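> With the sequence up front, the predicted model follows.
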Amino acid sequence: MRRLTRYLAQLFAVDALILFAVVCVLLWLVNCLRGFDLISVKGQGLWVLAYQGVLAMPPLALVFFYVCIGIGMARALQALKINHELHIIHTTDGLRGLGGATATVAVVGMICVLALSNFIEPWSMRGLNQLSASVAADLVSSTLKPKRFTQVSPGVVLLIGGRSGEGAITEFFADDRRDPEIRRTYIAQTARVSSDGENYVLELHDGSLQYAEASGRFSEISFARYDLNVDRLAQPLDPGDELAERDSLELIRTGLATGEWSEASVERLNTRMGEALRVAGICMLVLAISGFPSGRRGRITLPMEVIVLLLAFVERGISSYSPLGEITGSLLMILGAGLVLIARTSGRSTRAAVAP
């Protein structure tokens with residue numbers, strides 16, 4: 001790697017990493033504040049609160065990771081322009097080093113975002129769901145106070161009459177109103193929380209399960225024992241995207257083993273791999289806009305940070321609403337940046353050829 005390429009790549013990477021670290025800390029604090037009910041209501045410690053904030057970070061990091069890279073590059077190029085180093089780079093035929101530095105940062109960023117989207121995010125989603133189930137199990141088994149209604153998750157309220165020896169619960173009551181079409185009520189004389197090492201199960205004894213539908217129809221089922229998975233009380237009623245907890249290698253192994261590739265799995269893999277195109281597109285676009293010095297001065301100068309944010313916003317909007325898929329905005333960024341770079345570099349070559 002040439003010395004100029006190494007120097008510029010270091011400038012781009014340092015600015016991007018500093019911004020990314022600052023944003024991560026701020027969002028982690030926001031997540032901790034949002035989950036403060038773990039301490040105030042559910043009786044958990046600061047460690048659980050901090051760990052929950054960490055697990056909630058990867059999906060958010062995917063949204064702003066490539067934006068931080070673009071802003072970091074823009075800030076570094078702006079500093080080079082102010083110090084007239086960018087002019088020197090162009091006059092000494094250092095455009096190849098500038099392009100090499102951009103490519104280096106883009107490749108490293110693409111590798112990082114692929115690891116984040118394909119492995120770290122699914123791991124964090126699994127950990128977050130397991131933590132929620134563990135908190136709910138602890139709330140039921142030890143933290144829940146007798147004779148007091150407590151909300152385990154939005155729409156689910158628990159009440160116990162008391163506790164006997166060895167953690168047994170007496171007079172268990174749970175009201176589940178998450179489904180607007182049907183209301184479920186669990187009533188049992190005794191209950192106990194058990195675990196098989198992976199899942200938490202609420203064992204209900206001598207009780208009934210009541211269903212009240214929105215139409216007014218009511219039904220009741222009596223049981224001697226009923227095992228209720230704690231996840232059903234701790235998680236949303238609609239699990240949503242079940243593929244979010246499975247990493248890409250697992251999805252590929254499943255497809256190869258069964259020979260069947262579901263449309264949802266293929267779309268998930270394409271979406272995860274497409275995150276790398278956003279990094280390449282934003283790097284090329286910032287280089288096309290800020291990588292070439294100009295002697296023109298506008299009356300109103302819009303900061304490059306704002307421009308990068310606007311470009312990312314437009315790209316997300318196009319990708320979300322395009323019928324062609326999630327990578328539409330990224331491909332448009334790469335195409336537009338490529339055309340601008342070709343126009344600018346060809347113009348420089350033409351001026352160099354006609355210069356005396």
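In hand now; what should we look at?
> how much space is there between Y66 and D15?
According to Cβ to Cβ, to the nearest Å, Y66 and D15 sit 14 Å apart. Glycine gets a C-beta too; all of them are placed from N, C-alpha and C.
> And these two? Which one has more around it.
Y66 (29 against 21; other Cβ atoms under 10 Å).
> Pull the contacting residues for that one.
Applying Cβ atoms under 8 Å, 6 or more residues apart in numbering, we find Y66 in contact with 109, 113, 275, 278-279, 282, 312.
> And the helices in the stretch 251-356 of the chain?
Taking DSSP state H, counting those that start in this stretch as the test, the helices found in the stretch 251-356 of the chain are 263-290, 304-321, 328-354.
> Of all those helices, which one is nearest M57?
helix 263-290 (15.5 Å; Cβ to Cβ).
> helices and strands around the closest one, which ones?
Helix 263-290 sits against helix 57-82, helix 95-115, helix 248-258, helix 304-321, helix 328-354, with contacts defined as 3 or more Cβ pairs under 8 Å, 6 or more residues apart in numbering; DSSP states H and E.
> Those helices: which one's closest to L139?
Across the helices and strands packed on helix 263-290, closest to L139 is helix 57-82 (Cβ to Cβ), at 23.9 Å.
> Averaged pLDDT, that closest one. What do you get?
Mean pLDDT, helix 57-82: 93.
> do stretch 268-275 as well
In this model, stretch 268-275 has a mean pLDDT of 91.
> So which residue is dead centre in this protein?
P59 (0.5 Å; Cα atoms, centre = their mean).
> Point out the most buried one among the helices and strands packed on helix 263-290.
helix 57-82 (a mean of 21; mean count of other Cβ atoms under 10 Å).
> What helices and strands are in contact with the helix or strand that comes right after that one?
As assigned by DSSP states H and E, the chain's next helix or strand after helix 57-82 is helix 85-91. Contact here means 3+ Cβ pairs under 8 Å, 6+ apart; on that basis helix 85-91 packs against helix 57-82, helix 95-115.
> which one is S222 nearest to, not counting chain neighbours?
Leaving aside its sequence neighbours, S222 sits nearest to S208 (Cβ to Cβ, 6 or more residues apart in numbering; 4.8 Å).
> count of neighbours near that neighbour?
Counted with other Cβ under 10 Å, the neighbours of S208 add up to 14.
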